[in-house]
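**Student:** Prediction below, plus the sequence it came from.
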Amino acid sequence: MQTSGAHQAAVTTDRPNWLLEVYYSLAFYFCVLVFGLSCLIWSLPAGLLYRLLPRRWGEPLGQFGIMAGFRWSLFVMRATGVLRADLSALDRLREQDGLVIAPNHPTMMDAVLLISRLPRVVCITKATLWDNWFLGGGIRLASYIRNDVPLPMIRRAGLAVQGGRHLLIFPEGSRTRTPPVDTFHRSFAVIARATRAPVQTVLIEADSPYLSKAWPLLRRPPLPLVFRVRLGERFDPAGDADGFVARLESYFRAELPATARR
């Protein structure tokens, strides 16, 4: 009788876990679908508006549209229990003009998290994204900056910050391979110094490897995804570029645990 009772207890205990796994699988792929459709539904008309609207109207509309789409997708992820993240610290930046925002980059989710709270942000993006059906139209309308031609990239970054925009740029250049951060790129310091704007650091800790380097979009990770996002120190990019890179990288290494991404 004791064996039978123990077996029954095990079955009762395992059943909720099994149901939870089924639920998380359905919720995860539903959220991926919502994100993809949201991007596509905005990208297609945004690509047309890019050709029709003058830049002074199209640029703020494009930036707001991407923010709203990302915020909607994150709302769905929170509502389904797929995501846990407190992004309220970023709201303190919304009314501050002319900032370079420099986060670490554990996963591809980082840009989505940050842009969802910042309606006037300009990003430096990979040139390949400009022809992406899901993102390209929105990127063009928002006047994001391609990373393939250095001098125009630096010039446009400076103009964006001088116009009161937030410039989002990842000092690592790509997602982190070896936590807490990889070596920072010197090009980031050149851009930061060219803008003559304060550099606001943002510290991101991710408990999940989802969308880290080499993690595919459709591979379900353990859920929920948990992110901790906090504002770090604000740096003056004065001085030589190499010295600034060293200062910023040392700061991130001191502030982030080596296990920031598992």
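**Tutor:** In hand now; what should we look at?

**Student:** This structure: strands as residue ranges?
**Tutor:** Assigned by DSSP state E, the chain shows strands spanning 83-86, 99-103, 121-125, 145-146, 166-168, 199-206, 225-235.

**Student:** and Asn132, which of those is closest to it?
**Tutor:** Nearest to Asn132 among the strands of the chain is strand 121-125 (9.8 Å), distances taken as C-beta to C-beta. C-betas here are computed from N, CA, C, even on glycine.

**Student:** helices or strands up against that closest one?
**Tutor:** helix 55-79, helix 109-115, strand 145-146, helix 150-162, strand 166-168 (3 or more C-beta pairs under 8 Å, 6 or more residues apart in numbering; DSSP states H and E).

**Student:** Make CSV from the ones you listed and add mean neighbour count to it.
**Tutor:** As requested, the helices and strands packed on strand 121-125 are exported to CSV (neighbours: other C-beta atoms under 10 Å):
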stretch, mean neighbour count
helix 55-79, 18
helix 109-115, 21
strand 145-146, 20
helix 150-162, 16
strand 166-168, 24
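
**Student:** With distance to Phe252 and mean pLDDT added, can I get the strands of the chain in JSON lines?
**Tutor:** As requested, the strands of the chain are exported to JSON lines (distance: least, C-beta to C-beta, whole Å; pLDDT from 0 to 100):
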{"stretch": "strand 83-86", "distance to Phe252": "19", "mean pLDDT": "96"}
{"stretch": "strand 99-103", "distance to Phe252": "9", "mean pLDDT": "95"}
{"stretch": "strand 121-125", "distance to Phe252": "18", "mean pLDDT": "93"}
{"stretch": "strand 145-146", "distance to Phe252": "23", "mean pLDDT": "92"}
{"stretch": "strand 166-168", "distance to Phe252": "16", "mean pLDDT": "95"}
{"stretch": "strand 199-206", "distance to Phe252": "7", "mean pLDDT": "97"}
{"stretch": "strand 225-235", "distance to Phe252": "8", "mean pLDDT": "97"}
